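In: What follows is a predicted protein model with its sequence.
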Amino acid sequence: MRTFLRFLKPYRGLCLLTLLVMALDVAGALYLPTIVADMINIGVAGGDLDFILRKGGLMLGVALVSGGGTLMGCFLCARLSARIGRDMRNALYDKSLTFSASDFEGFGTGSMITRTLNDVNVVQQAFVWSVQMVLPVPLMCVIGVLMAFSIDHVMGLLLIGITLVVILGAVLVTRRASAIFARAQRFLDRISVVVRENITGARVIRAFNKATGEAGRMRRSFTDYAQAAIQANTLFFVLESLAIFFLNLCVVAILWLGGNRIGGGFMEIGDITALTEYAVLILFYVMMAQMVLMLLPRAKVCLERIDAVLSHRPEITDGAGSLPQTEGEAVCAFQHAWFRFADADEATLQDLDFVLRRGQTTAIIGSTGSGKSTIAKLLLRFHDVTQGAICFDGADLRTLRQEDLRQRIAYVPQKAWLFSGTVAENLRHGNPQAGEEDLRHALAVAQAGFVDSLPGGLQARVEQGGRNFSGGQKQRLAIARALTKRADLYIFDDSFSALDFQTDAALRRALRQEVAGSAVLIIAQRVSTIAHADQIIVLEDGRAVGIGRHEELLETCPVYREIAQSQGKGGES
């Protein structure tokens, strides 16, 4: 609840106005039966047409005011809900930007999507219905019972009894619903994961003839959620049936007892109409509140899941230090750096000690799983070293603000990812102020001349993930995106794997001149890609088993020599 109040607090004025309008609606609804009773008791019984017309005009005015309050209350409530939902989603998104890879793995991508979309929707829906259906209930019950007592104390006691019985039933059913909705949300998370895997992995599923097995897995996920939903709807059915039963029982009791009380001279005939309306209004609102209360346990679970994200302490936190712009030779230095994942038995990287220098290209090569890409993630502070240190311009990365650090680094990830939009918009992720000439220059260096032949050129559309481009095209666009940014360190994480040897060679030649004043780190599988590097680091099982130039390592490092020989002519280039 504290999480929700945090988002509600900025809109206190709007909340107060909404409550006042809702109170006006309740007051008008309760005043109408009193007018009807007076019309019957005085106007009809006494044959006073003027009195009936006056009361009829008053009834029309009250109905218009009450109806206006209802419409305005719905509008204000929807407006308030929309703003709270927007703020929640912004907060979840902003929080996700502070997460490391381990933080994301802890929650899961599917779960994060569900929390941002579905869970916030549930909270919004519960808020709107609570304001419209739950908050008026206490006011409706208190005023309605008092007005019933003002007519006849026996009828007032009858309303109290029926109301308490219905509320007690709602509380008991709501407690039962909480566990069911918590289970349903977990099943919904599972559905998101399974559907996402089946959509993104559709080609692999078909290639291995696993469609039947995956269909069975999806059916099991859907069945689990359906069973939880059926249990929840069964509770709705039971609660609704009981509420309608007690509503009708109350009307029958009013008519029976009311007739006796009228015969005893304690009430007038019009009071029966008023009391029936009070009972119907009170029990209708209580019944609607019961339906909403059934959803509150689900909203509570969703709020807890949202709060779990917002209150999570990120693995990577900003330091207080600043990063001055220097022109020193050593851009970045690994100082006996070790790294081990939290759930791993052994360190992924062990005792790395090397320097990335301005104007030099450092390359990292090694077998799959040797920890090459982890080095790039450590430089970007997607993870922090567990022992030793990594320094940037002489400052420990852990003491710096992440934004300042990443502003000085240009990164091409192992999996070239493009965003939906245009080619120009994707390239400007590297530099929002880049002009068209800058973008074309970056494309030329990245050997991405194919953009000129696209319909619209720089304004050509890019589908999500760059699905409308080949692997090599996506890599070259990702490289061009990094080159639009002037950085002290350029990281290319296996960014040339989808390029043919001719394009690879041309790109490397163009890069030498383009990033001559910066440090360059290339992570690669092919020896031909890194043979020109000023410094090559050979990794095996997380350790640097060789550091030197291509020719030196062929002579002194068996691991490097074996990699080069396994690649044949490519290794000798």
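Out: The structure has been received and is ready for your questions. Numbering: from 1, shown residues only.
In: Quick one: name whatever helix or strand follows the longest helix along the chain.
Out: Secondary structure of the chain per DSSP state H: the longest helix is helix 211-263. Scanning forward in sequence from helix 211-263 by DSSP states H and E, the next helix or strand is helix 269-310.
In: Just checking, which helix or strand of the protein averages the lowest pLDDT?
Out: Among the helices and strands of the chain, helix 569-572 carries the lowest confidence by mean pLDDT, DSSP states H and E, at a mean of 43.
In: before we move on, back to that, which neighbouring elements make contact with the longest helix of the chain?
Out: helix 153-200, helix 269-310 (3 or more CB pairs under 8 Å, 6 or more residues apart in numbering; DSSP states H and E). Any C-beta I mention is one placed from the backbone N, CA and C, and that applies to glycine too.
In: and the angle from that helix to helix 269-310?
Out: Helix 211-263 and helix 269-310 are oriented at 150 degrees to each other (axes from the mean of the first three to the mean of the last three CA atoms, to 10 degrees).
In: So for helix 211-263, mean pLDDT?
Out: Regarding helix 211-263, the rounded mean pLDDT is 81.
In: Show me how far it is from its chain's centre.
Out: Helix 211-263 sits 32 Å away from the centroid of its parent chain (CA atoms, centre = their mean, to the nearest Å).
In: What is the three-state secondary structure of residue 516?
Out: Secondary structure for residue 516, judged by DSSP: H, G, I helix; E, B strand; the rest coil, is coil.
In: right, and it touches residue 358 too?
Out: No: with contact defined as CB atoms under 8 Å, residue 516 does not count as touching residue 358 (9.3 Å).
In: In contact with residue 331, which residues?
Out: Taking CB atoms under 8 Å, 6 or more residues apart in numbering, we find residue 331 in contact with 356-358, 392-393, 488-489, 518-519.
In: what's the pLDDT at it?
Out: According to the prediction, residue 331 has pLDDT 87.
In: repeat for the one 10 residues further on
Out: In this model, residue 341 is scored at 84, pLDDT.
In: ok, the most centrally placed residue in the chain - contacts?
Out: For the chain, the residue nearest the mean C-alpha position is residue 116 (2.4 Å; CA atoms, centre = their mean). Applying CB under 8 Å, 6+ apart to residue 116 gives the contacts 89, 92-93.
In: do residue 403 as well
Out: Shown in contact with residue 403 (CB under 8 Å, 6+ apart): residue 318.
In: try it again with 7 Å
Out: Taking CB atoms under 7 Å, 6 or more residues apart in numbering, we find residue 403 in contact with no residue.
In: any idea where the strands of the stretch 451-573 of the chain begin and end?
Out: Assigned by DSSP state E, counting those that start in this stretch, the strands in the stretch 451-573 of the chain fall at 461-462, 489-493, 519-523, 535-540, 543-548.
In: Quick one, which of those strands gets closest to residue 372.
Out: Nearest of the strands of the stretch 451-573 of the chain to residue 372, taken as CB to CB: strand 519-523 at 4.7 Å.
In: among the contacts of residue 116, which ones are buried?
Out: 89, 92 (16 or more other CB atoms under 10 Å).
In: ok, so of the contacts of residue 116, who is nearest residue 240?
Out: residue 89 (32.4 Å).
In: so which helix or strand takes in the closest one?
Out: For residue 89, the element it lies in under DSSP H and E is helix 49-96.
In: thinking again about what came up before, determine the angle, from 0 to 180 degrees, between the longest helix of the chain and helix 153-200.
Out: Comparing the axes of helix 211-263 and helix 153-200 via the same axes, to 10 degrees yields an angle of 170 degrees.
In: what sits up against stretch 284-294?
Out: 129-130, 133-134, 136-137, 140, 163, 166-167, 170, 173-174, 177, 235-236, 239, 243, 247.
In: Now list the buried members of these.
Out: Neighbour counting by 16+ other CB under 10 Å classes 129-130, 133-134, 136-137, 140, 163, 166-167, 170, 173-174, 177, 235, 239, 243, 247 among the contacts of stretch 284-294 as buried.
In: what's the closest non-adjacent residue to residue 296?
Out: Of all residues not flanking residue 296 in the chain, residue 126 sits nearest, at 5.9 Å (CB to CB, 6 or more residues apart in numbering).
In: repeat for residue 554
Out: residue 561 (5.4 Å).
In: Kindly report the same for residue 319.
Out: Nearest non-adjacent residue to residue 319, counting by CB to CB, 6+ apart: residue 399, 3.8 Å away.
In: My read is that the one you found contacts residue 317, right?
Out: No: using CB atoms under 7 Å, residue 399 makes no contact with residue 317, being 10.8 Å away.
In: Which one of these two is surrounded by more residues?
Out: residue 399 (15 against 12; other CB atoms under 10 Å).
In: From the chain's centroid, how far away is stretch 385-401?
Out: Counting by CA atoms, centre = their mean, stretch 385-401 comes out at 31 Å from the chain centroid.
In: Ok, stretch 56-76 next?
Out: Its chain's C-alpha centre and that of stretch 56-76 lie 39 Å apart, by CA atoms, centre = their mean.
In: what pLDDT, on average, does it get?
Out: 87.
In: Which residues does that stretch contact?
Out: Stretch 56-76 is contacted from outside by 14, 17-18, 21-22, 24-25, 28-29, 31-32, 35, 132, using CB under 7 Å, 6+ apart.
In: Let's have those residues in a markdown table, adding secondary structure and pLDDT.
Out: Below are the contacts of stretch 56-76 laid out as a markdown table (DSSP: H, G, I helix; E, B strand; the rest coil; pLDDT from 0 to 100):
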| residue | secondary structure | pLDDT |
| --- | --- | --- |
| 14 | helix | 88 |
| 17 | helix | 90 |
| 18 | helix | 87 |
| 21 | helix | 87 |
| 22 | helix | 82 |
| 24 | helix | 84 |
| 25 | helix | 83 |
| 28 | helix | 83 |
| 29 | helix | 83 |
| 31 | helix | 83 |
| 32 | helix | 83 |
| 35 | helix | 84 |
| 132 | helix | 83 |
